[in-house]
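Visitor: Pasting the sequence and the predicted model now:
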Amino acid sequence: MNRPFGRGEGAGPAKLRGVIEARDTGSPRPDAGGAAGGDFWPAESPGRKKPAPRLLIGGAVALVLVVAAVVAALTLTGGEDEGPDGPARPVPTAYTPDFDGEGFRAIASRDVDKRPVAPGEVFPAGVKTVRSGAFTFTLAGSEIATDCKAATWGARLQADLAKFGCTQVMRAAYVSPDRKYTGQFIAINLASEEGVEQVLRDLDPATGAGWVLPFNPKGAPAFGAGFSAAYAKTYGHYAVITTVQRTGGAQPGSLNEMIEASLAIENPADFVWGRLDLVAPGQGRRP
């Protein structure tokens, strides 16, 4: 069942800029900037609620990377940073975090939700095929890493994952039947909601703090290089991120296309509602 996932209803460049809060403990803040026009930036993105106004700096900061910076990055790196001894290190072109964990305060601390997430809990049979609108995806592979450093790159991000008690990085790769779209589901098990908020700030590509390595199972189209859009959400002490792209990284017709695709990829996040219901019976019901 699809639920609002914190995307901005207005998907123009101002509303799709990532929110960087004043409580950031060290990640550099991105500079404000515009983005290219045309109908690529749609006027509306149905199904996504705006970030809470209290999270907007100056009442107007919302974030997508400046197009000029994106072009420069893609020109210099091809959309990824790949060393001779390591895997590709792509970051999303567009990133939209939602720091509003309202509704999940009961599991804001892992102290009340100590049991590790099991593979069959986050990736049950019901998420082998996921759908939203015109989009259908099939699970190509999944894993739960207990070595959070091995599943990520970036010294700053890895340091914060350790600082805030990361114990699991859950990743899954999805592919559309025609193989024209690919998606990544990511959930990070941290000790507290405070840690989730910091990790979401770190994931802003403008900080250069690092990102989660793409999970590329054998036989699935490689994910990462080129244009991709990521959406991150605070679910108590869990960070949930979905990243989607046209296979090969071609620029989509609009961000509405990416948002709709991400709604399907979001489905494994249902496990968080089960966790909430165990701690606060009756609250873990999908709206």
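Guide: Thanks, I have the structure now. As the structure is a computational prediction, the values presented were derived from the model and not from experiment.

Visitor: Tell me the confidence at G224?
Guide: Reading off the confidence values, G224 has pLDDT 86.

Visitor: So it is in contact with V212, correct?
Guide: No - in this structure, G224 sits apart from V212 without contact. The criterion is CB atoms under 8 Å, and the distance is 10.6 Å. Placement of C-beta: from N, CA and C, glycine included.

Visitor: now the strands for the stretch 101-250 of the chain?
Guide: When secondary structure is read from DSSP state E, counting those that start in this stretch, the stretch 101-250 of the chain shows strands at 129-132, 135-145, 152-153, 168-175, 181-189, 211-212, 229-235, 238-246.

Visitor: elements contacting the third one?
Guide: By that I understand strand 152-153. Packing contacts for strand 152-153, counted by 3 or more CB pairs under 8 Å, 6 or more residues apart in numbering; DSSP states H and E, involve strand 211-212.

Visitor: Would you give the sheet partners of the strand it packs on, along with the direction of each?
Guide: For strand 211-212, sheet partners with direction are given as strand 152-153 (antiparallel), following DSSP bridges.

Visitor: Residues contacting the strand it pairs with, please?
Guide: The set of residues external to strand 152-153 that reach it, using CB atoms under 8 Å, 6 or more residues apart in numbering, is G86, P87, R89, Q158, L161, V169, G210, W211, V212, L213.

Visitor: Just the buried ones among the residues you listed, please.
Guide: R89, Q158, L161, V169, G210, W211, V212, L213 (16 or more other CB atoms under 10 Å).

Visitor: pLDDT weak spots in the stretch 51-200 of the chain?
Guide: Applying pLDDT under 70 to the predicted model, the residue ranges of the stretch 51-200 of the chain that meet it are 51-88.

Visitor: now do 50
Guide: 51-87 (pLDDT under 50).

Visitor: Just the helices from it, written as ranges.
Guide: Taking DSSP state H, counting those that start in this stretch as the test, the helices found in the stretch 51-200 of the chain are 67-77, 119-122, 155-163, 193-202.
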